[in-house]
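Participant: make a model of this:
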Amino acid sequence: MDFSDLNLIDPLLRALRAEGYQQPTPIQRQAIPHVLAGRDLIGCAQTGTGKTAAFALPILQRLAAEASRPRGGLRVLVLSPTRELASQIGDSFAAYGRHTGLKHAVIFGGVGQQPQVEALRRRPDILVATPGRLLDLMGQGLVRLNTIETFVLDEADRMLDMGFIHDVRRVIAALPVRRQTLLFSATMPSDIQDLADHILVDPVHVEVTPQATTVETIAQSVFFVEKGDKRALLEHILGDPTIRRALVFTRTKHGANKLAQQLERARIQAEAIHGNKSQSARERALANFKSGRTRVLVATDIAARGIDVDDVTHVINYELPNEPETYVHRIGRTARAGASGTAYSFCDADERAYLRDIEKLIRLRVPVAADHPYQSPLGLPAASAGQPASAAAPTRQAQPGSPRRRRRRRYNGGRPQT
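Facilitator: You can find the predicted model right below:
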């Protein structure tokens, strides 16, 4: 099947060819016909599966079919959890709709509002927004949603994780009752299912992979390591030249900054991206990462949600997330657009409960990289012992005085020597 089999109009097909798209992804094949037909839809799919095109293409086609209609207010609202993702969704509408004459605007916080207000005055058909800035402009009387025909709630589970669910409900309350509603989410926790039950009417449910499973093309492995050895292990792993573009996750903004600085001192090109960075700094870091000027991008979960780079070869969980669903989102940053990818996770003694929760959620045991120079002296968990060391980093011989050799002197059978 190619895109022409989905009955897309020629202006969209020309734009897709210019973007190098040849065949629709599973979520696109299943969702586009239903959205074209005007149905409400729940799309459950992991990141990197082509969700944006799955709703943007049919929305553009439906709007283009009524191009002769006098322009009124906004007709489409796409709600996104982060400014990076909002910006990339806007880029997608621009790329796919380049031959349609349709207009879009993107609004998000963290920057001055005046350029966004000017964009709204140009009467766009499509608005892509984050909840906070949208509610702010609505409160100022600069945005009205009473003419919205199609509402898209993207990354709904992330909205919940980030505490935006009440803001989302306030936005929904301002929408017309009669509308098409599309909800996309990588996972469907009970709160999101409850929201879907209240805002969608007889929806089609599209699920291209089982909920909360990980992409099959991602080679996953876990490295058991002491907390104090994580940075040394990361530098060791990054010595592998096949790691061309790596996204490294930390839990905190301070941790991201510190790790990026330490990598730079080790002559590894790295930048940090997180919520405390200005929008221009975040965009610059992302541009450097995409272009290859920066090899390693150290990110927090909120900042990384909108990172859409097709050739991230490795995702490294420097710190495991305490919410197992976040693991799915993180490693979904690799193996995008049909490519393969690798995900490494560092696990110290305090994080093993997180690992158990992750394995329970994804319904598989993450293979253990058992032979690396910073192996935790506490030993492997009993449940993981004996597993193959799939995707392990290259080993190296321990030198006198190395952390591995010193640890052997300090420990005897897992017990501190006295």
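Participant: where does pLDDT dip in the protein?
Facilitator: 47-48, 67-71, 209-216, 303-306, 337-338, 378-418 (pLDDT under 70).
Participant: quick one, domains of it?
Facilitator: 3-207, 218-416 (automatic domain parsing).
Participant: TSV for these, including mean neighbour count?
Facilitator: In short, each C-beta sits where N, CA and C put it, glycine included. Shown next, in TSV, are the domains of the chain (neighbours: other CB atoms under 10 Å):
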stretch	mean neighbour count
domain 3-207	18
domain 218-416	18
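Participant: can you map out the helices along the stretch 301-418 of the chain?
Facilitator: Assigned by DSSP state H, counting those that start in this stretch, the stretch 301-418 of the chain shows helices spanning 301-304, 324-331, 352-362, 403-410.
Participant: can you check the stretch 1-150 of the chain too?
Facilitator: Using DSSP H, counting those that start in this stretch, helices in the stretch 1-150 of the chain cover 10-19, 26-36, 51-64, 83-96, 114-121, 131-139.
Participant: the stretch 151-300 of the chain now?
Facilitator: 156-161, 165-173, 190-199, 230-237, 253-265, 279-291.
Participant: save those as a markdown table, and put in distance to Phe346 too.
Facilitator: Below are the helices of the stretch 151-300 of the chain laid out as a markdown table (distance: least, CB to CB, whole Å):
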| stretch | distance to Phe346 |
| --- | --- |
| helix 156-161 | 22 |
| helix 165-173 | 31 |
| helix 190-199 | 30 |
| helix 230-237 | 5 |
| helix 253-265 | 12 |
| helix 279-291 | 21 |
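Participant: for Gly97, find the nearest of these.
Facilitator: Gly97 lies closest, by CB to CB, to one member of those: helix 279-291, at 22.0 Å.
Participant: now for the closest one, which elements pack on it?
Facilitator: helix 83-96, strand 270-273, strand 296-299 (3 or more CB pairs under 8 Å, 6 or more residues apart in numbering; DSSP states H and E).
Participant: the same query, at a cut-off of 10 Å, please.
Facilitator: helix 83-96, strand 270-273, strand 296-299, helix 301-304 (3 or more CB pairs under 10 Å, 6 or more residues apart in numbering; DSSP states H and E).
Participant: now the angle from it to helix 83-96?
Facilitator: On the basis of axes from the mean of the first three to the mean of the last three CA atoms, to 10 degrees, helix 279-291 is oriented at 60 degrees to helix 83-96.
Participant: show residues contacting helix 279-291.
Facilitator: Contact partners of helix 279-291, identified using CB atoms under 10 Å, 6 or more residues apart in numbering, comprise 82-84, 87-88, 108-112, 245-247, 260, 269-278, 293-299, 303-304, 306-312.
Participant: cool, stretch 111-125 as well?
Facilitator: 59-60, 63-64, 66-67, 71-76, 83, 93, 97, 100-109, 127, 129, 133, 136-137, 140, 142-143, 149, 278-280, 283.
Participant: now do 6 Å
Facilitator: 63, 71, 75, 102-105, 107, 142, 279 (CB atoms under 6 Å, 6 or more residues apart in numbering).
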